[in-house]
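In: got a predicted structure plus its sequence, pasted below:
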Amino acid sequence: MTAPLHIRRPARPNRRAPALRWAALLGLIIFAAGCRATNSTPMVLYLDGAGWYGSHRSFEAGLRRGGYTGRVQNFTWTSFLGPGADHLLAARSGIPARRLAGRIREIRRHSPQGKIHLVGRSSGSAVVIQALEQLPPGVEVDHVLFLQSSVSPRRNLADALEHVRGRMYATTSRHDMLLAAMTVCAEGELGPPAGRTGFLLPRSLSESQKRLYAKLILLPWRPAYAALGWDGGHFHVTRKDFVEHVIAPRLLSDQPFPLDRPLVFVESQRQTAATPRP
């Protein structure tokens, strides 16, 4: 009796294999990029807004045109779950801020006197503030820039300002319709964000904290900025011409910009103007 004939079916192609190989390759690329992370200065650490728009490219191009020759690192903090999750959860979770604070400490160990600038766009500013607050005493960055910040205007910045050698700049615009529609700020406070109204000077500051606030300078939108590409809206604040002509001169100089006035000066002028004369 003859044995039954077994016909071997051809193996089905593993359609997942190419995808897995590409995923492995991508992982190696990301790992290699992380291994090549440089600590040389000058360095700009750029944190994009919720949802990771990729605006660092135009910002860096504007800085280069303005004369900046150092390094620009796009510090990724997104959850990859969309703008809502980034704004309401990731920005105030503390996890990206701890990573950023560690990155600052690492750069500062290798370059104690080198220039380190932080740029936080929209919700990225919340991560920057938390990271500064977590730095140990004596560890400082140079200038800080907030582009249309989505944190509360009542946010106390004194602890963050202690770790800023130079100045903290913050753009503001009443024409930012995205921030106008935002009812919850990045740290959970209600009301319009600071990028629309500007930061406010807390009333409970000590004299030493008021001196820290002398580093905070608001950059309100002006009609002349429209010719430089920023129409006052949320998404055009990183246009190359605006960054080249308005932002770069401030970040690249150790001296105060001639037309700038710190928030404490502006507030004192308002109080003087509001005081009735005898």
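Out: Structure's in. What do you need? Numbers count the residues shown, from 1 in each chain.

In: contacts, neighbours, all on C-alpha from now
Out: Fine.

In: so what secondary structure elements neighbour the helix or strand harbouring Leu145?
Out: Element membership of Leu145, judged by DSSP states H and E, is strand 144-147. Here strand 144-147 touches strand 116-121, strand 168-172, going by 3 or more C-alpha pairs under 8 Å, 6 or more residues apart in numbering; DSSP states H and E.

In: export these to CSV and tack on mean pLDDT and distance to Ile107?
Out: What follows is those, written out as CSV (pLDDT from 0 to 100; distance: least, C-alpha to C-alpha, whole Å):
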stretch, mean pLDDT, distance to Ile107
strand 116-121, 98, 8
strand 168-172, 98, 20
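
In: model confidence over the strand holding Leu145, on average?
Out: Mean per-residue pLDDT for strand 144-147: 98.

In: next one: it to chain centre, how far?
Out: 6 Å (C-alpha atoms, centre = their mean, to the nearest Å).

In: same check on stretch 183-196?
Out: 16 Å.

In: close enough to count as contact, Lys210 and Val264?
Out: Yes: counting by C-alpha atoms under 8 Å, Lys210 touches Val264, with 7.1 Å between them.

In: pLDDT below threshold where in the stretch 1-150 of the chain?
Out: Under the criterion pLDDT under 70, the flagged ranges of the stretch 1-150 of the chain are 1-37.

In: quick one, what contacts the closest residue to Glu140 other than its chain neighbours?
Out: Distances taken as C-alpha to C-alpha, 6 or more residues apart in numbering place His163 nearest to Glu140, at 4.3 Å, with adjacent residues excluded. Residues near His163 by C-alpha atoms under 8 Å, 6 or more residues apart in numbering: Leu132, Glu133, Leu135, Pro137, Gly138, Val139, Glu140, Val141.

In: which parts of this structure are strands?
Out: Remark: strands assigned in the chain by DSSP state E are 43-47, 71-74, 116-121, 144-147, 168-172, 216-220.

In: now do the same end-to-end measure for stretch 174-187.
Out: This stretch, stretch 174-187, spans 21 Å end to end (C-alpha to C-alpha, to the nearest Å).

In: for the remainder of this discussion, apply numbering that starts at 18.
Out: Yes, from this point I'll number from 18; that puts the last item at stretch 191-204.

In: what's the neighbour count on Pro275?
Out: The number of residues packed around Pro275, counting by other C-alpha atoms under 10 Å, is 7.

In: gap between the two ends of stretch 74-93?
Out: For stretch 74-93, the first-to-last residue distance is 13 Å (C-alpha to C-alpha).

In: other residues contacting it?
Out: 57-65, 69, 73, 117, 255-262, 264-266, 269.
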